[in-house]
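> Predicted coordinates and the sequence they were generated for:
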Amino acid sequence: MGKKPRRPGLLERTAQLLDLPADAIANVPRVELVGDGELRIENHRGILAYGSQEIHVSGGIFLIKITGEKLEVRAMTGAELLITGRIGQITLG
């Protein structure tokens, strides 16, 4: 069975209407990949699972799954998360 597509919330729709970045208004996660060795996630809600080959991060309305090799959380604050290693795949669920 397929999942129902996620509908944007009020704040996300407002951001789209005003042509503003959704991460600034709706507090949705912002994921930035630099090459295949560095991943920054802003507006995260914490780490759900952690291993050297797979890390699961709560993005509020999204589950962010990172898979790869030698993955490591290098820095974590309440607002930002930095993951390094050889990143093979990022999945939003």
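Ah, there it is. As the structure is a computational prediction, the values presented were derived from the model and not from experiment.
> After the lowest-mean-pLDDT helix or strand in the chain, which helix or strand is next?
Lowest by mean pLDDT, DSSP states H and E among the helices and strands of the chain is helix 22-25, with a mean of 56. Sequence-wise, the next helix or strand downstream of helix 22-25 (DSSP states H and E) is strand 30-34.
> Direction included, what does whichever helix or strand comes after that next one pair against?
As assigned by DSSP H and E, the chain's next helix or strand after strand 30-34 is strand 38-42. Next to strand 38-42 in the sheet, as set by DSSP bridges, lie strand 30-34 (antiparallel), strand 80-92 (antiparallel).
> could you point out where the chain is predicted with low confidence?
Within the chain, the stretches with pLDDT under 70 are 1-12, 14-16, 18-26.
> hmm, 90 instead?
Low-confidence regions of the chain, defined by pLDDT under 90, span residues 1-30, 43, 59-62, 78-79, 93.
> and of the strands paired with strand 38-42, who's closest to residue 56?
strand 80-92 (9.7 Å; Cβ to Cβ). C-beta coordinates here come from the backbone N, C-alpha and C atoms, glycine included.
> Format the strands paired with strand 38-42 as JSON lines; extra columns: mean neighbour count and distance to residue 45.
Output for the strands paired with strand 38-42, formatted as JSON lines (neighbours: other Cβ atoms under 10 Å; distance: least, Cβ to Cβ, whole Å):
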{"stretch": "strand 30-34", "mean neighbour count": "14", "distance to residue 45": "13"}
{"stretch": "strand 80-92", "mean neighbour count": "16", "distance to residue 45": "10"}
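> would you list those in JSON lines and tack on distance to residue 61?
Converted to JSON lines, the strands paired with strand 38-42 look like this (distance: least, Cβ to Cβ, whole Å):
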{"stretch": "strand 30-34", "distance to residue 61": "13"}
{"stretch": "strand 80-92", "distance to residue 61": "10"}
